[in-house]
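Q: Sequence first, predicted model second:
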Amino acid sequence: MLAIHNLYKQFGNLIAVNDLSLTVNKGKTVVLMGPSGCGKSTTIRAINRLVEPDRGSIILNGANILSMQPDELRDIRKRIGFVFQHFNLIGRLTTAENVMLGLVMSGMDKELARAKAVEALDKVGLEQHLGHKPSELSGGQQQRVGIARALAYEPELMLWDEPTASLDPILVREVLIVMEELARYRASTMLVVTHELPFALRVADEIVLMDQGSIVEVGAPAQVFVKPVSDIGKKYKELIEYQMNTSAQSLAGKAE
Ligand SMILES: Nc1ncnc2c1ncn2[C@@H]1O[C@H](COP(=O)(O)OP(=O)(O)OP(=O)(O)O)[C@@H](O)[C@H]1O
């Protein structure tokens, strides 16, 4: 279980995250949404201390990540998978080698690391591409390698920071399908920053809406997007209604 209490981060005069508290229960998928610049990435990056908050606590299974020393932090990072917007694969390495690299560098035997890489790549549907270089893969496949790289550690918590934001829209779907499968069938605990409304609607156990560094609304998708109480929630509701008006059914009507 992940519990964030009173997280606060300022960049110069700008308050990026303002006394934010949030809980993610084991096995649940929580989707963090909100306008650009509202502090979503800063929050999620603070969890494995890619950003150093000014104050607050981040408790994962009883231990406060923000008070950990470097060696404890190194260990906890192995238990937290992080999928970034940019996949940062190493071009001269194969798919399997990219996934193995972190495991081998953290001291794992090469054969075992390879077996874990193959297993993780199988989970994201890339078992046929073990020997391919990133340049031989589509953007969606490259991001699935990025997901496998995080999964190979068998993390207890998966953090996703806009994993589809740099993808061609046509390739977004294959990544969302993998994420949905992980959320539904593999009982990972997931905190996801995304602007993908269909994913949030289909997969989230809970939606957390942020605005200007603070949480403004929390609830199940059916609550937040159907009966919103916050201004941001109301804007998402309008957006969903707008998108539904261009659904396949109404397109079919136009084609007749
Ligand atoms: N390293 C930094 N130095 C200075 N300002 C920063 C830094 N990182 C983030 N910010 C600022 O903090 C605020 C919150 O940024 P953050 O990236 O957390 O927002 P976000 O909600 O993830 O936005 P987006 O959806 O556009 O990624 C923004 O105003 C951003 O410009």
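A: Sure thing, it's come through. Numbers count the residues shown, from 1 in each chain.
Q: Can you give me the end-to-end span of stretch 98-112?
A: Distance across stretch 98-112, first residue to last, is 15 Å (CA to CA, to the nearest Å).
Q: Now do that stretch: everything it contacts.
A: 78, 89-90, 93, 113-114, 116-117, 120-121, 134, 145, 148-149, 152-153 (CB atoms under 8 Å, 6 or more residues apart in numbering). Quick note: C-beta positions are derived from backbone N, CA and C, even for glycine.
Q: make it 6 Å
A: With contact meaning CB atoms under 6 Å, 6 or more residues apart in numbering, stretch 98-112 is reached by Leu89, Ile90, Ala113, Arg114, Ala117, Ala120, Val145, Ala148, Arg149, Ala152.
Q: Buried ones only from these, please, as a PyMOL command.
A: Selection of buried members from the contacts of stretch 98-112 for PyMOL, criterion 16 or more other CB atoms under 10 Å:
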select buried, resi 89+113+114+117+120+145+148+149+152
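Q: Could you identify the longest helix within this protein?
A: When the chain is parsed with DSSP state H, its longest helix is helix 169-185.
Q: which of the residues in that helix are buried?
A: Going by 16+ other CB under 10 Å, helix 169-185 has these buried residues: Leu171, Val172, Glu174, Val175, Leu176, Val178, Met179, Leu182, Ala183.
Q: now the first one: how far from Ala165?
A: Read it as Leu171. 12 Å (CB to CB, to the nearest Å).
Q: any idea which of the contacts of stretch 98-112 is closest to Ala46?
A: Among the contacts of stretch 98-112, Arg149 lies closest to Ala46 (CB to CB), at 21.2 Å.
Q: what's the spacing between the closest one and Lys123?
A: Noted for Arg149: a distance of 12 Å to Lys123, by CB to CB.
Q: What of His129?
A: Separation of His129 from Lys123 (CB to CB): 13 Å.
Q: could you pull out the strands for this structure?
A: Assigned by DSSP state E, the strands in the chain fall at 2-11, 14-24, 29-33, 55-60, 63-64, 80-83, 157-161, 189-193, 206-211, 214-219.
Q: Pull up the pairing partners for the shortest one, direction included.
A: Strand pairing for strand 63-64, using DSSP bridges, gives strand 55-60 (antiparallel).
Q: do the first one as well
A: Taking DSSP bridges as the criterion, strand 2-11 sits next to strand 14-24 (antiparallel), strand 55-60 (antiparallel) in its sheet.
Q: Quick check: which of the ones you listed is nearest to the ligand?
A: Nearest of these to the ligand, taken as CB to the nearest ligand atom: strand 14-24 at 3.6 Å.
Q: Let me know whether that closest one sits next to the ligand.
A: Yes: residues of strand 14-24 contacting the ligand under CB under 6 Å from any ligand atom: Leu14, Ala16.
Q: Thanks a lot, catch you later.
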